[in-house]
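>>> Next input, structure requested:
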Amino acid sequence: MTDASDPPRGEEAASPQTRREAGDARRAAEAHDTPPALQAHLRAARSELESQVAQAKADFEEANERIKERTGRDLIVATLIGLAIGVALLGSLIFVKWAFVPFALAAALLAMFEFSRALIASGRRVDLVPQLVAGAVVMLSAYFADAWLQWVLLFVVLAFLVVWRLVAQMASHDGRVYSAVLGDVLIAAFLQLYVAFLTSLCLVLLSKDRGEWWVLSFIIVAVAVDTGAYIAGITLGKHPMAPRISPKKTWEGFAGAAAAATIAGVLVGMFMLGLEWWMGAVFGILILATATVGDLGESMIKRDLGIKDMSSWLPGHGGVLDRLDSILLSVVAALSLYYLFTPLVAS
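Modelled structure (predicted):
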């Protein structure tokens, strides 16, 4: 028995049962009430908008492919990865100072791991686990221990790794020649000094008063160096800077890096570090020099190993060490300028 207020069963069955069907029905009713001329105008505008969006997408993809062909990097992926790393970096430095310690520790250990794998693939003997443990000790001592203890631990770690490698070589009985064993020993020490020790200097700078702003500032300038070189290189680059080491680096790219580093150095020096403008310019120029040397140095290492990137863990960038190459050496300049400029500003 049906109540008089209930809709007829036929109408109930015909009513839309989903939100999509209801939307289609509403648009159909609106279209029925819209004059034909206006409908035609709306369809033409929609078609024009879709055509413009498709053309813009095609142009962007074509430009991205040209950049990828010239630089070997996917611009879109590289940008997204860079933004994600930048957000994590800013969050760890600005909001919770000590949170940068595990961030830097993880980055350095990953860089040591991929560098060790590349060395092993080239025929070198690297004691991976002792290297990682020793590197963690060196880096953590830089933030949590006194300066004298950090230096003591560094020498202890280097001696430990050299002895470990020699004992491991004697236990292997594989007839490895003296020059190869000596090379393995030197590489064991170099791996610690290049990655772990330089990262530990960054944590030393972090531990200072307002050290987080100095760390952030020199990283910003180092990123500006890379960005300025990249943009100037792909747009104006014609004259190779060091073709035997890194064929894609040009003098035009270096000029762009110099301009970007100087501007960034002045800005961060004045507004983040409280320096005079000329101090900021010196800061930018010195970071430019160390970042360039660090970048070329890692390129020389990769060329010697016969590889393009240390790994493929960061799509569009290569490996972790490929992103740290210009930063590791720059921390030496930043720490030196901290000790030089801080008394001048305080006075």
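
>>> Could you use CA atoms for every contact and neighbour count after this?
Noted.

>>> any idea how far the nearest residue to residue 236 once chain neighbours are set aside is from residue 245?
Once flanking residues are discounted, residue 236 sits nearest to residue 252: 6.2 Å by CA to CA, 6 or more residues apart in numbering. Between residue 252 and residue 245 the computed distance is 17 Å (CA to CA, to the nearest Å).

>>> With residue 52 instead?
In terms of CA to CA, residue 52 sits 43 Å off from residue 245.

>>> Have a look at those two and say which one is more surrounded.
Using other CA atoms under 10 Å, the more surrounded residue of residue 52 and residue 245 is residue 245, with 17 against 12.

>>> Give me the nearest residue to the more buried one, chain neighbours excluded.
residue 300 is the one closest to residue 245 (CA to CA, 6+ apart), at 5.4 Å.

>>> same deal with residue 233?
In space, residue 233 is closest to residue 253, 4.1 Å off (CA to CA, 6+ apart).

>>> Do you know the pLDDT at the one you found?
Residue 253 is assigned 90 on the pLDDT scale.

>>> Could you report the neighbour count for it?
28.

>>> hey, C-alpha coordinates of the host helix or strand of it in PDB?
For residue 253, the host element (DSSP states H and E) is helix 251-271. Taking Å, rounded to 0.1, in the frame of the first residue of the first chain, the C-alpha atoms of helix 251-271 are listed here in PDB:
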ATOM      1  CA  TRP A 251      83.000  29.300 -19.200                       C
ATOM      2  CA  GLU A 252      79.700  30.900 -19.800                       C
ATOM      3  CA  GLY A 253      78.200  28.600 -17.200                       C
ATOM      4  CA  PHE A 254      81.000  29.700 -14.800                       C
ATOM      5  CA  ALA A 255      80.200  33.300 -15.500                       C
ATOM      6  CA  GLY A 256      76.500  32.600 -14.600                       C
ATOM      7  CA  ALA A 257      77.600  30.800 -11.500                       C
ATOM      8  CA  ALA A 258      79.800  33.800 -10.500                       C
ATOM      9  CA  ALA A 259      77.000  36.300 -10.900                       C
ATOM     10  CA  ALA A 260      74.500  34.100  -9.000                       C
ATOM     11  CA  ALA A 261      77.000  33.400  -6.200                       C
ATOM     12  CA  THR A 262      77.900  37.100  -5.700                       C
ATOM     13  CA  ILE A 263      74.300  38.200  -5.600                       C
ATOM     14  CA  ALA A 264      73.300  35.300  -3.300                       C
ATOM     15  CA  GLY A 265      76.300  35.900  -1.000                       C
ATOM     16  CA  VAL A 266      75.400  39.600  -0.600                       C
ATOM     17  CA  LEU A 267      71.800  38.900   0.100                       C
ATOM     18  CA  VAL A 268      72.300  36.100   2.600                       C
ATOM     19  CA  GLY A 269      75.200  38.000   4.200                       C
ATOM     20  CA  MET A 270      73.100  41.100   4.800                       C
ATOM     21  CA  PHE A 271      69.700  39.600   5.700                       C
END
